[in-house]
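> Prediction below, plus the sequence it came from.
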There are 2 protein chains.
Amino acid sequence: MHSVGRSWLLLTGFILFYIIYLLFGALVFSSIERPVEDKLREDMIVLKQEFLNLSCVNAASLELFLVKVLKANKYGVSVLRNSSVPSNWDLASSMFFANTLVTTVGYGHTTPLSDTGKAFSIIYALIGVPFTMLVLTACVQRLMYPLVLAPVGLLQRSGIEPRPATVVHFVLLLVLVVLCFFVAPAAVFSTVEVSWSFLDGIYFCFISLCTIGLGDFVPGTHPGQKYRPLYQVTVMVYLFVGLMMMYLLLRTFHKMADLHGLTTFLQLPRCEESDLDEDREPIVENERQSQKEKAANKPLEPGSQPSYNTINKG
Amino acid sequence: MHSVGRSWLLLTGFILFYIIYLLFGALVFSSIERPVEDKLREDMIVLKQEFLNLSCVNAASLELFLVKVLKANKYGVSVLRNSSVPSNWDLASSMFFANTLVTTVGYGHTTPLSDTGKAFSIIYALIGVPFTMLVLTACVQRLMYPLVLAPVGLLQRSGIEPRPATVVHFVLLLVLVVLCFFVAPAAVFSTVEVSWSFLDGIYFCFISLCTIGLGDFVPGTHPGQKYRPLYQVTVMVYLFVGLMMMYLLLRTFHKMADLHGLTTFLQLPRCEESDLDEDREPIVENERQSQKEKAANKPLEPGSQPSYNTINKG
């Protein structure tokens, strides 16, 4: 059981490092972007005052004014008096931004203004995106037993045939995920966020957990919200756990589809099957080939070809 | 070789259906959103005219005007005279939007205005996202031989040891992808898009192909661009092929890391290894266990437990 402990220690290490990485990103983004944003914010105040002081407002001056207003708005700097938030690059907001980068959600309600910020975003995501995938995979791996294998076993022991058991389990899991990660959060968001309807909440949850992240609805951007940093951290945790559940659901669906022959029907490999075939020693591969009645889904990878499958894992 | 033909036929069918699905999405989005957008656009013209006709522009009236301007701008409707584009919901733009939904890039430079549009987005992505993943996986599967297995074999035959050969191949592939899908497109974008620097181009390519999609840079939104629909379709093709190459790179990296024992080191399963173990008959599993010197990465899935691995694929 030594390896179990080491495995959990590694996972804890991953999660700790993930949090540290987000904090590090937040600090860097905040220090790069905050001065640029403050400058832009001051410029907008001056611009607005100058516009109001104009003796005559004509179409041309209005147009010029609006061009600048909309450009600043694109970077999340509003010209309005009771504008959303004091800064888009305080520590909590920067961490929120870092989180949307590494999870590939990318709302884009705030974006880096400076070239340094853009370059850092690239490097930060280059390391952060694969690492987040690794952490999510490691977490899902640990959740497979309690949330998939054990319940399916339980259903089988209660007398349901193996295949229907996987379907029943998947439907139950799906309902649970929809209730806990879509309906309940949507209800919370539509209460906390003044201008959101329940549909807006569902739309936000769906667009976020699919990592589409359009950014037309982003929690914690309404003026005068209390405990905003705490709220943003809560949303970040929701996003992380939600993504984990989406991965789990996808993996469970893949296993179920596989059992029901759907993947063979589509002539696609079960997840990375061809990789495994290539890595395996020829004798094992041949054995499997006959067992599987030569499921013809590797038309382009003849076994005779020197390739990854000639290399033994030492 | 009959199955090879069927396999390619299926892939062609997938891609055709993918294009039809995008066209269908474009038509629906266009018909739902265009009237709402036209109404908003007219309202903005009236609002601007009324504001210009005001005898005295004070802080309050300006504030009220700006609130409405920024709200419309959020939905991609600009108050400016030479505003970006005649419509965000013409056929090409709607298709571009549908494409950013199903690939989970989600720039969010235009977002649905109506509740119907939001609801349709959810349903559209619910089907479209998994289907796009399926099409991308199928394409990558076909590219594995010409772009990974064959070149590695070639390197081995030219006298390089198997393991270094995979590293050399991965580095070459990486350089090729960076040149063809980041550097070259960035150069093109910085030429075509008037206000983009080369860094902006690289930033756009990276943020897009990681599916982060912040949306601060979106091609084809500058006023007066020629052949805009054609340009948008080209960008869509670039995004699709680019994503395919990112998947291929990730898969190649995973194989290489696996060969070099990196995944075992991190005590994570090779891609979905536990799934395969669960599906396999016990005797095969035991055989592999001894071969792999019981790589202890399944602490939570004892073989004795009734689960997915008790089910034979019939």
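Noted; the coordinates are in hand. Numbering: from 1, shown residues only, chains lettered A, B, ... in the order given.
> Other residues contacting stretch A:237-248?
Residues outside stretch A:237-248 that contact it (C-beta atoms under 8 Å, 6 or more residues apart in numbering or on different chains): A:99, A:103, A:105, A:136-137, A:139-140, A:143-144, A:147-148, A:173, A:177, A:180-181, A:185, A:205, A:208-211. C-betas here are computed from N, CA, C, even on glycine.
> how about that stretch as PDB, C-alpha atoms only?
C-alpha atoms of stretch A:237-248 as PDB (Å, rounded to 0.1, in the frame of the first residue of the first chain):
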ATOM      1  CA  VAL A 237     -13.100  26.200  -7.400                       C
ATOM      2  CA  TYR A 238     -16.500  25.600  -9.100                       C
ATOM      3  CA  LEU A 239     -14.900  25.800 -12.500                       C
ATOM      4  CA  PHE A 240     -12.100  23.400 -11.600                       C
ATOM      5  CA  VAL A 241     -14.400  20.800  -9.900                       C
ATOM      6  CA  GLY A 242     -16.900  21.200 -12.700                       C
ATOM      7  CA  LEU A 243     -14.300  20.600 -15.400                       C
ATOM      8  CA  MET A 244     -13.200  17.500 -13.500                       C
ATOM      9  CA  MET A 245     -16.800  16.200 -13.500                       C
ATOM     10  CA  MET A 246     -17.100  16.900 -17.200                       C
ATOM     11  CA  TYR A 247     -13.900  14.800 -17.800                       C
ATOM     12  CA  LEU A 248     -15.300  12.100 -15.600                       C
END
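> Now find how far off-centre it is within its chain.
Between the centre of stretch A:237-248 and the centre of its host chain there is 8 Å, according to C-alpha atoms, centre = their mean, to the nearest Å.
> now do stretch A:257-264
27 Å.
> Got the phi and psi for residue A:261?
For residue A:261, the backbone dihedrals are phi 80, psi 10 (criterion: degrees, to the nearest 10).
> Can you show me the strands along the stretch 101-250 of chain A?
Shown for the stretch 101-250 of chain A, no strands are assigned by DSSP state E, counting those that start in this stretch.
> right, and residue A:236 touches residue A:98 too?
No. The criterion here is C-beta atoms under 8 Å, and residue A:236 misses it with residue A:98 at 9.3 Å.
> what's the overlap in contacts for the two?
residue A:22.
> higher neighbour count, those two?
Just comparing residue A:236 and residue A:98: by other C-beta atoms under 10 Å in any protein chain shown the higher neighbour count belongs to residue A:98, 25 against 19.
> Write the ChimeraX selection for whichever of the contacts of stretch A:237-248 are buried.
Restricted to buried positions by 16 or more other C-beta atoms under 10 Å in any protein chain shown, the ChimeraX selection for the contacts of stretch A:237-248 reads:
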select /A:99,103,105,136,137,139,140,144,147,148,173,177,181,185,205,208,209,210,211
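> Let's see which of the contacts of stretch A:237-248 end up in helices.
Residues of these located in helices (DSSP state H): A:99, A:136-137, A:139-140, A:143-144, A:173, A:177, A:185, A:205, A:208-209.
> can you redo the residues you listed as TSV with pLDDT and distance to residue B:262?
What follows is the ones in helices among the contacts of stretch A:237-248, written out as TSV (pLDDT from 0 to 100; distance: C-beta to C-beta, whole Å):
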residue	pLDDT	distance to residue B:262
A:99	96	26
A:136	94	18
A:137	91	14
A:139	93	19
A:140	93	19
A:143	92	23
A:144	92	22
A:173	96	31
A:177	97	31
A:185	97	36
A:205	97	35
A:208	96	31
A:209	96	29
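> near chain B, from those residues?
The subset of the ones in helices among the contacts of stretch A:237-248 within reach of chain B, by C-beta under 8 Å from any C-beta of the partner chain, is A:137, A:144.
> Identify the farthest-apart pair in the ones in helices among the contacts of stretch A:237-248.
Among those, the pair separated by the greatest distance (C-beta to C-beta) is A:99 and A:173, at 25.6 Å.
> show me what contacts the residue positioned nearest the centre of chain A?
Centroid check for chain A by C-alpha atoms, centre = their mean gives residue A:103 as the closest residue, at 3.5 Å. By C-beta under 8 Å, 6+ apart, residue A:103 lies in contact with A:132, A:211, A:239-240, A:243.
> Apply 6 Å and report the result again.
Residue A:103 is in contact with residue A:132, counting by C-beta atoms under 6 Å, 6 or more residues apart in numbering or on different chains.
> same thing with residue A:217?
Applying C-beta under 6 Å, 6+ apart, the residues near residue A:217 are A:200, A:204.
> now do 10 Å
Contact partners of residue A:217, counting by C-beta atoms under 10 Å, 6 or more residues apart in numbering or on different chains, are A:107, A:109, A:189, A:193, A:195-196, A:200-201, A:203-205, A:207-208, B:108, B:111, B:118.
> So what does it have for phi and psi?
Taking degrees, to the nearest 10 as the convention, residue A:217 sits at phi -130, psi 120.
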